[in-house]
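# The sequence and its predicted three-dimensional model are supplied below.
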Amino acid sequence: MIGTAVPRARARLSYWLVLALLAAVVGAAATAGIAAGSVALAAGDVWGIVLHRLAPALVEPTWPPVRETIVMDVRVPRVLLCGVVGAGLSVCGMALQALVRNPLADPMLLGVSSGATVGAVLVLVLNVSLLGAFSLPLAAFAGALGALTLVYFLARSGGRMTTVRLVLAGVATAEVLSAVASYLVITSGDPRKTESALRWMLGGFGGTTWDLVPIPAAAVLLGTVALLGVSRPLNLLLAGEEAAASMGLNVHRFRGWLFVLVALVVGAVVAVSGAIGFVGLMLPHVVRLLVGAEHQRALPAAALLGAAFMIAADLAARTLIAPQEIPIGILTALAGGPFFLWLMRRRAAR
Amino acid sequence: MTPGALRVENVGVAVAGRALVRDACLDVAPGEVVSLVGPNGAGKSTLLRTLYHARRPTSGRVLLDGEDVWRMSGRRLARRLAAVLQESPGEFELTVYEVVAMGRSPYKRAFQGDDTDDRQIILDALAALDVTGLARAPFDRLSGGEKQRVLIARALTQRTGTIVLDEPTNHLDLRHQLDVLRLVRGLGLTAVLALHDLNLAAAFCDRICVMNAGRIVADGPPARVLTPALLAEVYQVEADVTAHPRTGLPQITVLPGIDGRATP
């Protein structure tokens, strides 16, 4: 009927192949992450130790017990938490970009991470230790919840939540809370406190123990499953507000619900890792290039890629200038800044 | 998929104290194709928005087969009335197939994927709009005419009896304008279209409904509605309306109003 040239369909690898490859990358990154460190281990030993713990009958121990302790008590929880945080930020970034219908959105934009920072800095500066090792993540999560509530009510009026108001409320809240956090750090008058607060603000996984893993892991898992459940409404958001409404979506109610879900997951993640920028911005784009923007396909890929990326970034953070550790947020920003510029130029060229 | 009966009863829309639509009444019989015309800002799009759950009327009711659309859930309405809007997906590189598949959403629950029936409905819609070959192409890279057809295909997958189109011929060249309107005519659905081009409205619609300053000022068959007096009043232009010698359709010639040529 119409004589124009058919635009070439972008060649896409088979979806399941991409997913399998990403899973393999996660496995490889995790193996390397567990093997590398002040005591280097062979990949075979890493798998042997992990398998031995999971099914003792399967593998005979051929390694000194101290290595088993290093792997199981220090490195595995750290790598697991990296994977959880990376997956969470990546999946939340993707959902958030659909929510505000802007591909340049980042989970840190919600103001939630700044709220978490204020909570964490308060604990560090005031030396609170009411709840032992949990004091800091709990305070950070409480700060995130506070920021979430504030942004939610600033962004919502008369049952409507517009994307512009959400972004503005998030940015304004983030600025104010960052100022509060900086003020607390500067006026603490104790260089050690200042340093630990600064380290927290730049993000990192140093000193991760098993205790810290379950809550963010559960939050990320449940959050991802919930987002998969609403992958259709997420797609509809991409079509625009009115079109989504015409296809049966209660846009404002869904936006409010989605914002709360994403902010809770980001809060749970930031509480244990600190504010790690750019991950939630970059990875959803890479995923869309690989498997397209349709959320049912893209979300699982985003989770895998996020996990692999964060494990690799953490590996780099603790080995590049060992025995010193680089805060991981510095590395993700170093990678993310140029990526952001590349993305901008690519879009301008289209 | 039986064509719906649409009834707009005394609908008014006011935003921040300003009336965008006042006391609009409109009856569309099943299978009828009605166009809304009028100058920019007359309230055409706003009136359409009250049909597809984008703007709740401040007064009056919109009835679809006797049922108030604003008392239905969004999903229920989306199974009976589809909309083709000017706004379109951007920035995210969905494929044509994925854009069309969105139309199945009102039939789906959380976690429910597309089954064989859904896929067949999507493929049928792609075929009906002659865009099967574009199924895997990124929607963003299509031409205006192709995008418009894809969005109509999406509306078809909603399997509704009624379809609303907001300026479906915007940005299209002459041939694609005709293609799109022929298509809409051929669907056999109750259709309400906002149109700018009066000659096209006269050619493709059973009735023309003229809006001006938020009110419906004329409603009827094209030949009765489109008169020089109405065009002068609503559009403030001088125009001739003649029956076209070959089609017999009302033909509007706007007189440019340059010295000496304004009055024949």
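The structure has been received and is ready for your questions.
# Quick one: residues contacting the residue in the stretch 151-300 of chain A positioned nearest to chain B.
Of all residues in the stretch 151-300 of chain A, residue A:248 sits closest to chain B, at 3.3 Å by CB to the nearest CB. C-beta here means a position set from N, CA and C on the backbone, and glycine is covered the same way. By CB atoms under 8 Å, 6 or more residues apart in numbering or on different chains, the contact list for residue A:248 reads B:73-79, B:105-106.
# same thing with residue B:82?
Listed by CB under 8 Å, 6+ apart, the contact set of residue B:82 reads A:246-247, B:52, B:103, B:154-156, B:158, B:160, B:162-164.
# who in the stretch 151-300 of chain A is up against chain B?
Neighbours of chain B within the stretch 151-300 of chain A, by CB under 8 Å from any CB of the partner chain: A:228-230, A:232-233, A:235-236, A:238-243, A:245-250, A:288, A:292-294, A:296.
# how far away is the residue nearest to the spatial centre of chain A from residue A:262?
Central residue of chain A (CA atoms, centre = their mean): residue A:89, 2.0 Å from the mean position. Separation of residue A:89 from residue A:262 (CB to CB, to the nearest Å): 10 Å.
# tally of neighbours for the closest residue to residue B:22 other than its chain neighbours?
Spatially, and ignoring its direct neighbours in sequence, residue B:22 is nearest to residue B:214 (4.6 Å; CB to CB, 6 or more residues apart in numbering or on different chains). If you count neighbours by other CB atoms under 10 Å in any protein chain shown, residue B:214 ends up with 22.
# thought residue B:214 was touching residue B:15?
No - with contacts counted by CB atoms under 8 Å, residue B:214 stays clear of residue B:15, the gap being 11.1 Å.
# show me where the stretch 51-200 of chain A has helices.
Counting by DSSP state H, counting those that start in this stretch, the segments of the stretch 51-200 of chain A that form helices are A:65-69, A:76-99, A:112-126, A:135-155, A:163-186, A:191-202.
# so where's the chain shaky on pLDDT?
With no chain named, the answer covers chain A. A:1-13, A:129-133, A:159, A:347-350 (pLDDT under 70).
# Can you look at chain B instead?
In chain B, residues with pLDDT under 70: B:87-91, B:258-264.
# where do the strands sit along it?
Using DSSP state E, the strands of chain B run over B:6-15, B:18-28, B:33-37, B:59-64, B:67-68, B:81-84, B:162-166, B:190-194, B:207-212, B:215-220, B:239-243, B:250-254.
# anything in the fifth one sitting right up against chain A?
Same thing as strand B:67-68. No - residues of strand B:67-68 are not located near chain A by CB under 8 Å from any CB, the shortest gap being 15.5 Å.
# And the contacts of that strand?
By CB under 8 Å, 6+ apart, strand B:67-68 touches B:61-62.
# now that strand, how far from the centre of its chain.
Relative to the mean C-alpha coordinate of its chain, strand B:67-68 is positioned 20 Å out (CA atoms, centre = their mean, to the nearest Å).
# what lines up beside it in the sheet?
strand B:59-64 (antiparallel) (DSSP bridges).
# The strand it pairs with vs strand B:18-28, what angle?
Angle, strand B:59-64 to strand B:18-28, by axes from the mean of the first three to the mean of the last three CA atoms, to 10 degrees: 30 degrees.
# List the contacts of strand B:59-64.
Strand B:59-64 is contacted from outside by B:4-12, B:23-24, B:50-51, B:68-70, B:72, B:77, B:80-81, B:162, using CB under 8 Å, 6+ apart.
# And for stretch B:219-232?
Outside stretch B:219-232, the residues that touch it by CB under 8 Å, 6+ apart are B:26, B:198, B:201-202, B:205-210, B:217-218, B:237-241, B:243, B:249-250, B:252, B:254.
# Which ChimeraX command selects the buried ones in those?
Here is the ChimeraX command that picks out the buried ones among those, judged by 16 or more other CB atoms under 10 Å in any protein chain shown:
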select /B:26,198,201,202,205,206,207,208,209,210,217,218,238,239,241,249,250,252
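# Enumerate the helices of chain B by residue range, in sequence order.
Assignment of helices within chain B using DSSP state H yields the ranges B:44-49, B:74-78, B:96-101, B:116-128, B:144-157, B:174-186, B:198-204, B:222-225, B:228-235.
# Please tabulate the ones you listed in a markdown table and include distance to residue B:35 as additional columns.
As requested, the helices of chain B are arranged in a markdown table below (distance: least, CB to CB, whole Å):
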| stretch | distance to residue B:35 |
| --- | --- |
| helix B:44-49 | 9 |
| helix B:74-78 | 22 |
| helix B:96-101 | 25 |
| helix B:116-128 | 22 |
| helix B:144-157 | 16 |
| helix B:174-186 | 9 |
| helix B:198-204 | 4 |
| helix B:222-225 | 9 |
| helix B:228-235 | 14 |
